[in-house]
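Undergrad: turn this into a structure:
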Amino acid sequence: MKDIKTYTLTNALGASVTLCNIGAGLVSAIVPDKNGNMGDVVLGYSNLNDYFGDGPCAGKIPGRFSNRINEGRFSIDGKEHQLVLNTSDGKHHLHGGPEGFANQIWDSERNGNIVVFKYLSKDGEAGYPGNLLATARYTWNDECELIIELEAETDAPTIINLTNHTYFNLKGEGNGDILDHKLTLFAHNYLPATNELITTGEIATVKGTPMDFTEGKLIGQDISSDFDAITNGKGYDSCWVLDDFVPGETHKAAELHSEESGRRVELLTTQPGIQVYTGNWLSGSPVGKCGRPYNDYEGVALECQALPDSPNKPHFPNTVLRPGERYEQKIIFRFSNN
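TA: Here you go, the predicted structure:
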């Protein structure tokens, strides 16, 4: 097995991020609060080996296709492909399967404040067609922006949907739940899903529902609502359709703020959607950096990505990648303390 490596990047303010070649993941982000005190605001594990096969997929890049694909099936050019089925009920494909990108050791190289990770996903891996070379480039700058550039090329038609699966707790990891965090989503629509969390294909307005974060509200405000999208997952675990999506252009996706710490993270992306998962099933995960396992709702994942099950929803933005094309997406985490 390849060696496990970590890289710590520190900016002029003394704020730092640590990256790991397991799943090309973010394992810590140490940024100042309103009083200038540094704290780690992303969930992760004290033992790096616990990143292999962890249920939460903490901080890592899932792939080849993030989120769920209905019954693990899709067709390209009339040819049907069957992927590994790995949801808890054994019916669907999730995050690229148990041997997906998040559970692989990527090749890695550091150049100053940039770390580049690469992974070659071979033809047939988890059922996906084509040899696909994925690249994740992380840049940490003096404005406390973590810029994640995701790229891929293939030698046969395939599907791709990469994201970063970091869980944020702006009070500091291990310091309680995120129900008191204020979340704003730049999205007036979301994707309804079945009770197995498969998108139905409908694009629905958030207006008048507990899914409305357009004006910003505490995550906990409506999390106990009797509303299918919430009761299906014991909390929020849905994809919102971003308002300002234009292919290739960066737009605002979300803003998360803790009044207690004063910390804020803004998310910008080129992607069309954002999955919000409020850590509804974190209990039972490995021991966190705080020295104990996390409880439910101790972190929120904000996953900028393609719309789930896009290969089976022709009206969703395209997720097919063909030889000669280049997949390019960007996600930015912009931290501040005001």
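Undergrad: from here on, just use CA atoms for contacts and neighbour counts.
TA: Fine.
Undergrad: what's the end-to-end length of stretch 157-170?
TA: By Cα to Cα, to the nearest Å, the extent of stretch 157-170 from end to end equals 40 Å.
Undergrad: check which residues of that stretch are buried.
TA: Neighbour-count burial for stretch 157-170 flags 157-170 (criterion: 16 or more other Cα atoms under 10 Å).
Undergrad: in TSV: those, plus secondary structure and distance to Tyr7.
TA: Listed next are the buried residues of stretch 157-170 as TSV, based on DSSP: H, G, I helix; E, B strand; the rest coil; distance: Cα to Cα, whole Å:
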residue	secondary structure	distance to Tyr7
Pro157	coil	34
Thr158	strand	31
Ile159	strand	30
Ile160	coil	26
Asn161	strand	25
Leu162	coil	21
Thr163	coil	20
Asn164	coil	17
His165	coil	18
Thr166	coil	17
Tyr167	strand	19
Phe168	strand	20
Asn169	coil	21
Leu170	coil	22
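Undergrad: which members of the residues you listed are the farthest-apart pair?
TA: Pro157 and Leu170 (40.3 Å; Cα to Cα).
Undergrad: save the buried residues of stretch 157-170 as JSON lines, and put in distance to Glu266 and pLDDT too.
TA: Shown next, in JSON lines, are the buried residues of stretch 157-170 (distance: Cα to Cα, whole Å; pLDDT from 0 to 100):
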{"residue": "Pro157", "distance to Glu266": "34", "pLDDT": "98"}
{"residue": "Thr158", "distance to Glu266": "31", "pLDDT": "98"}
{"residue": "Ile159", "distance to Glu266": "28", "pLDDT": "98"}
{"residue": "Ile160", "distance to Glu266": "25", "pLDDT": "98"}
{"residue": "Asn161", "distance to Glu266": "21", "pLDDT": "98"}
{"residue": "Leu162", "distance to Glu266": "19", "pLDDT": "98"}
{"residue": "Thr163", "distance to Glu266": "16", "pLDDT": "98"}
{"residue": "Asn164", "distance to Glu266": "14", "pLDDT": "98"}
{"residue": "His165", "distance to Glu266": "15", "pLDDT": "98"}
{"residue": "Thr166", "distance to Glu266": "13", "pLDDT": "98"}
{"residue": "Tyr167", "distance to Glu266": "14", "pLDDT": "99"}
{"residue": "Phe168", "distance to Glu266": "11", "pLDDT": "99"}
{"residue": "Asn169", "distance to Glu266": "13", "pLDDT": "99"}
{"residue": "Leu170", "distance to Glu266": "12", "pLDDT": "99"}
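Undergrad: show me which of the residues you listed is closest to Val17.
TA: Thr166 (12.2 Å).
Undergrad: could you tell me how far stretch 145-165 lies from the centre of the chain?
TA: Stretch 145-165 has its C-alpha centroid displaced from the chain centroid by 12 Å (Cα atoms, centre = their mean, to the nearest Å).
Undergrad: what does stretch 256-269 give?
TA: That offset, for stretch 256-269, works out to 16 Å (Cα atoms, centre = their mean).
Undergrad: in that stretch, what counts as buried?
TA: By neighbour count with 16+ other Cα under 10 Å, stretch 256-269 contains the buried residues 256-259, 261-269.
Undergrad: which among those residues gets closest to Gly130?
TA: Taking Cα to Cα as the measure, Gly130 sits nearest to Thr269 out of the buried residues of stretch 256-269, at 26.5 Å.
Undergrad: and that closest one, how far from Val17?
TA: Distance of Thr269 to Val17, computed by Cα to Cα: 19 Å.
Undergrad: burial count for Asp50?
TA: When neighbours are counted by other Cα atoms under 10 Å, Asp50 registers 16.
Undergrad: how near is the residue nearest to His257 when sequence neighbours are not counted to Ser336?
TA: Among residues not flanking His257 along the chain, Arg264 sits closest, at 4.4 Å (Cα to Cα, 6 or more residues apart in numbering). According to Cα to Cα, Arg264 and Ser336 sit 5 Å apart.
Undergrad: please apply the same query to Leu26.
TA: Taking Cα to Cα, one finds Leu26 at 18 Å from Ser336.
Undergrad: the two: who's more crowded?
TA: Neighbour tally, Leu26 and Ser336, criterion other Cα under 10 Å: the higher count belongs to Leu26, 27 against 18.
Undergrad: would you verify that the more buried one is located in a helix?
TA: No. Assignment of Leu26 by DSSP: H, G, I helix; E, B strand; the rest coil gives strand, placing it outside any helix.
Undergrad: partner residues bridging it?
TA: Beta bridges link Leu26 to Leu19, judged by DSSP bridges.
Undergrad: how far off centre is stretch 312-319?
TA: Relative to its chain's centre, stretch 312-319 lies at 19 Å (Cα atoms, centre = their mean).
Undergrad: ugh, wrong one, stretch 318-328
TA: Relative to its parent chain, stretch 318-328 has a centroid offset of 20 Å by Cα atoms, centre = their mean.
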